[in-house]
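>>> take this sequence and fold it.
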Amino acid sequence: MQLLKNNIVFLIALFIVLFFVVIGIISPDRLFALSTYLQERIMEMFGWGYLAAAFIFLAFNLYLALSKYGGVKLGKDQEKPQYSYFGWFSMLFAAGMGIGMIFWGVAEPMSHYLNPPEYITEQSGMAAKFAMKYSFFHWGLQPWAIYITMSLCIAYFSFRRGMPPLISSCFYPLIGERIYGVAGYLIDALAVFATVFGVVTSLGLGAMQITAGLSTVFPFEATFTATVIIICVVTVLFLISSLSGLDKGIQMLSKTNIVLALTLLCFMLLAGPTTYILDIFLNTLADYFSSLFNMSLSTNPFRGYEWTQSWTLFYWAWWISWSPFVGLFVASISRGRTIREFVSGALIVPTLLTFFWFSVFGGAAFHVEFTQQADLAQTVSGNISVGLFHLYDFFPLSIGLSLITVALLGVFFVTSADSATFVLSMMTTRGKLSPPASKKITWGLIISGTSVILLYAGGLEALQKMAITAALPFTVLMLFMCRSLNKGLGYEFRQGFSNPYLQGTDTKRE
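This is a model prediction of the structure:
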């Protein structure tokens, strides 16, 4: 009976995952139709809610950092951070944005340039300016604010208040002991559901993109078999890394990531149109901050609503659906930092690096598009995964750049899958910071095997839509988490630790 109780979240989540996977195999068309219908209805009826919630999360982050709560440590008062700034930023970057940024650094600006909202003339100077500004917006402060909100709540209640590092723990100030019952189990199972489907789709689609990149360098065709081989190789690597633990595995890979990324970034900046890129960076930075409030709350109901649904609302839902995974991982590596240090570091540094990345690669893409008739926008329109590699054709050492990029993609995938395996294992072992190897291996094989099966059956995109559908209840949960964290911090300042707000919480789940 105790064994069943200890694994109840694991069993619930596994049942949900297998249920949708079986449907995806037997009838991928039905799963796709259902997921598409749910996503479209949610976007149509509640899309405004995603915009409002993301803005609230950003305002909440800034409020906490600038308020009297900013000096509260995510841990005991005497604790020091476990990781150096370089190691911490590397893992933040790898878990939060890394893999998507590589692909979208060229693809998103070119996509907006070719297909902007109807009130902007396509492939015009205004379209280019719009493309860069909204690329900054979609990868800027709001996504990190979403992740930080989740991370702060988990880190505060687990490391400072002594509760298990689970999402359900964040609701103790609101629902009390019920977090140890059905309500808590459902919250944690929903988090596992969103994480698994997000990771499965990213692993499958990402493997396809790595295969496409390799096929531009080596003489072979990007077939399904090649993609399966890539997934198998990545699986072996991330399981080895996962079993090595955070200190050896993920941290080492994350530092490798950041070194490779900075090398690629510096080469493209110096070999490319440096002045042009810096002009774009400063100009877009000014456009972004001057328009931030308007972009944050505008659904464009009169003109451009369909574009906003397809891009901004989709992105916000996607970031929210990923917040349980990224939030739990980022919380686990941020123990010992103050709220002010955590918010400023996780909000500012990754955002500025992301802005500069889009400026370098997007700026270089626009330069060759305008001066050499590269037709990059049309290339991206036909196949997003090869846009970056096509850009390299206009630079020296293009084959070397492609190989470095493929290596970077591979390491990012190993890191992301490694982090996901750790988080899934932690969520399904009552929040153990050192989950057993058996759980890591189980989840690693589940997400890899599911990716292969659904790639073959054509159900990956449907699962991605289902993960985004799960963002709706998570948006509501996260808004309540803000209230819960503020209540917990307020209690601490009023009462101190002489009268603990949370007592004996660790033993409840043992």
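>>> what's next to stretch 337-347, contact-wise?
Stretch 337-347 has contacts (C-beta atoms under 8 Å, 6 or more residues apart in numbering) with 61-62, 64-66, 69-75, 81, 85, 88-89, 92, 141, 144-145, 147-148, 151-152, 155-156, 330, 334. To be clear about C-beta, it is placed using only N, CA and C from the backbone, and glycine gets the same treatment.
>>> which of the residues you listed are buried? Put it as a PyMOL command.
Those of the contacts of stretch 337-347 that count as buried under 16 or more other C-beta atoms under 10 Å are selected in PyMOL with:
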select buried, resi 61+64+65+69+70+72+73+74+75+81+88+89+92+141+144+145+147+148+151+152+155+156+330+334
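>>> just the ones of the contacts of stretch 337-347 in helices?
Cross-referencing the contacts of stretch 337-347 against helices under DSSP state H gives 61-62, 64-66, 85, 88-89, 92, 141, 144-145, 147-148, 151-152, 155, 330.
>>> number of residues surrounding the closest residue in space to residue 477 that isn't next to it in sequence?
Nearest residue to residue 477, sequence neighbours excluded (C-beta to C-beta, 6 or more residues apart in numbering): residue 187, at 6.8 Å. By other C-beta atoms under 10 Å, 22 other residues sit near residue 187.
>>> just the element for residue 187, please.
Assigned by DSSP states H and E, residue 187 belongs to helix 182-217.
>>> show the model's pLDDT score for residue 359.
pLDDT for residue 359: 97.
>>> wait, isn't it in contact with residue 283?
No. Contact criterion C-beta atoms under 8 Å: residue 359 and residue 283 do not qualify, at 9.3 Å.
>>> so which of these two has more stuff around it?
Legend: neighbour count by other C-beta under 10 Å for residue 359 and residue 283, higher for residue 359 (27 against 14).
>>> host element of that one?
Per DSSP H and E, residue 359 falls inside helix 339-371.
>>> next structured bit after that helix?
helix 376-382.
>>> and that following helix, which residues are buried?
Under the neighbour-count criterion of 16+ other C-beta under 10 Å, helix 376-382 has 376, 377, 379, 380 buried.
>>> how far off helix 141-155 does the helix holding residue 187 point, in degrees?
130 degrees (axes from the mean of the first three to the mean of the last three C-alpha atoms, to 10 degrees).
>>> what's the angle from the helix or strand just after helix 182-217 to helix 182-217?
The C-terminal neighbour of helix 182-217 among helices and strands, as given by DSSP H and E, is helix 224-245. Here the directions of helix 224-245 and helix 182-217 differ by 130 degrees (the same axes, to 10 degrees).
>>> just checking, what packs against helix 224-245?
Contacts defined by 3 or more C-beta pairs under 8 Å, 6 or more residues apart in numbering; DSSP states H and E place helix 224-245 against helix 182-217, helix 398-427, helix 437-457.
>>> quick one: it to helix 437-457, angle?
160 degrees.
>>> quick check: the residue nearest to residue 477 touching residue 172?
No. Applying C-beta under 8 Å as the test, residue 187 and residue 172 come out as separate, 11.6 Å apart.
>>> what touches both of these two?
With C-beta under 8 Å, 6+ apart as the test, residue 187 and residue 172 both reach residue 179.
>>> which parts of stretch 400-416 are buried?
For stretch 400-416, by 16+ other C-beta under 10 Å, it's 401-402, 404-416.
>>> out of those, flag the one nearest to residue 56.
Closest approach to residue 56 among these (C-beta to C-beta): residue 416, at 27.2 Å.
>>> any stretches of the stretch 51-200 of the chain with poor pLDDT?
Counting by pLDDT under 70, the stretch 51-200 of the chain has low-confidence residues at 95-98.
>>> change it to 80
Low-confidence segments of the stretch 51-200 of the chain (pLDDT under 80): 91, 93-100, 103, 194-195, 197-200.
>>> and what of the stretch 301-450 of the chain?
In the stretch 301-450 of the chain (pLDDT under 80), the answer is 373-374, 382-385, 411-419, 431, 433-434.
>>> okay if I get the buried residues of helix 376-382 as a markdown table plus distance to residue 301?
Formatted as a markdown table, the buried residues of helix 376-382 follow (distance: C-beta to C-beta, whole Å):
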| residue | distance to residue 301 |
| --- | --- |
| 376 | 32 |
| 377 | 28 |
| 379 | 33 |
| 380 | 28 |
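>>> between the residues you listed, which is nearest residue 101?
Residue 101 has its nearest neighbour among the buried residues of helix 376-382 in residue 380, at 15.2 Å by C-beta to C-beta.
>>> and the gap between the closest one and residue 285?
Per C-beta to C-beta, to the nearest Å, residue 380 is found 24 Å from residue 285.
>>> contacting residues around stretch 296-315?
With C-beta under 8 Å, 6+ apart, stretch 296-315 has contacts from 43-44, 47-48, 50-52, 54-55, 58, 112, 115-119, 134, 137-138, 142-143, 295, 468.
>>> residues of that stretch that come out buried?
Neighbour-count burial for stretch 296-315 [16+ other C-beta under 10 Å]: 296, 299, 304, 305, 307, 308, 309, 311, 312, 313, 314, 315.
>>> distance between the ends of it?
Length of stretch 296-315, first residue to last, C-alpha to C-alpha, to the nearest Å: 12 Å.
>>> how far out from the middle of the chain is that stretch?
On the basis of C-alpha atoms, centre = their mean, to the nearest Å, stretch 296-315 sits 20 Å off its chain's mean C-alpha point.
>>> same question for stretch 232-244.
What separates the centre of stretch 232-244 from the centre of its chain is 20 Å, taken as C-alpha atoms, centre = their mean.
>>> could you pull up the mean pLDDT of that stretch?
The average pLDDT for stretch 232-244 rounds to 78.
>>> which other residues reach that stretch?
Contacts to stretch 232-244, defined as C-beta under 8 Å, 6+ apart, come from residues 203, 207, 249-250, 252-253, 410, 413-415, 417-418, 421-422, 437, 440-441, 444-445, 448.
>>> in PyMOL, how would I select the buried members of the residues you listed?
Applying 16+ other C-beta under 10 Å to the contacts of stretch 232-244, the buried members can be selected in PyMOL as follows:
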select buried, resi 203+207+249+250+252+253+410+413+414+415+417+418+421+422+440+444+448
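>>> quick check: closest non-adjacent residue to residue 450.
Using C-beta to C-beta, 6+ apart, the closest residue to residue 450 is residue 200 (4.9 Å).
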